[in-house]
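> Give me coordinates for this.
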Amino acid sequence: MMKNLLALVTILFSQSSFAHIEPGIYVGETPTGGECSIESVRQYYVDDVRHPLNERIELKMKDGTKFTVGHPPIIDTEEKYEYTGYNHDLFQGVLPTKVGADALSINMDHPEGKEGRPVAFHFLSHNWKEKKIKVLHCENLEAAD
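Have a look, this model is predicted:
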């Protein structure tokens, strides 16, 4: 029983380590057909502990705004469903601003047997004071040559 549990944990952590975003520029398109891009500066693990909840990606938007994103944690405290984990399909980060917050969300794709790769990003700038939101949706991301 203990060997099976150890094997399962090993498989889960080895598969989850394939979610990083390689450094480089990723180019995609907006819903209106415009070009959009984001730069992955580096990937690292908090305190050098290789765990998906410690994985961080430094990203830079075209306007120079920098984000550090991670897998969002999942905490379910409902009886019968108690669970802690992470969303392997996303990287997310939020930056406070003087009037609200800016957020970046990266959608990942995990083809069977291959490393995950970013396929879309979504940037939201929420001005709470004026109740305004600016968004940029960038789909079909590909690594630039």
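> residue ranges with poor pLDDT in the chain?
Along the chain, the parts satisfying pLDDT under 70 run over 1-19.
> what sits opposite the residue nearest the centre of it in the beta ladder?
Nearest to the mean C-alpha position of the chain, by CA atoms, centre = their mean, lies Phe91 at 1.2 Å. Taking DSSP bridges as the rule, Phe91 bridges to Ile106.
> ok, Leu59 touching Ile38?
Yes: using CB atoms under 8 Å, Leu59 makes contact with Ile38 at a distance of 5.7 Å. (C-beta placed from N, C-alpha, C; glycine too.)
> count of neighbours near Ile21?
25 (other CB atoms under 10 Å).
> Which strand or helix spans the closest residue to it other than its chain neighbours?
In space, and not counting its chain neighbours, Ile21 is closest to Ser40: 4.6 Å by CB to CB, 6 or more residues apart in numbering. Counting by DSSP states H and E, the element that carries Ser40 is strand 35-45.
> how far out from the middle of the chain is that strand?
10 Å (CA atoms, centre = their mean, to the nearest Å).
> Each with direction, which strands does that strand pair with?
Assessed with DSSP bridges, strand 35-45 is paired to strand 24-29 (antiparallel), strand 55-61 (antiparallel).
> got the contact list for Gly24?
Glu39, Ser40, Ala143, Ala144 (CB atoms under 8 Å, 6 or more residues apart in numbering).
> hang on, the last one packs against Pro23?
This points to Ala144. No: taking contacts as CB under 8 Å, Ala144 lies outside contact range of Pro23: 11.6 Å.
> who has more neighbours, the two?
Neighbours were counted for Ala144 and for Pro23 using other CB under 10 Å; Pro23 has more, 13 against 10.
> That concludes my questions; thank you for your assistance.
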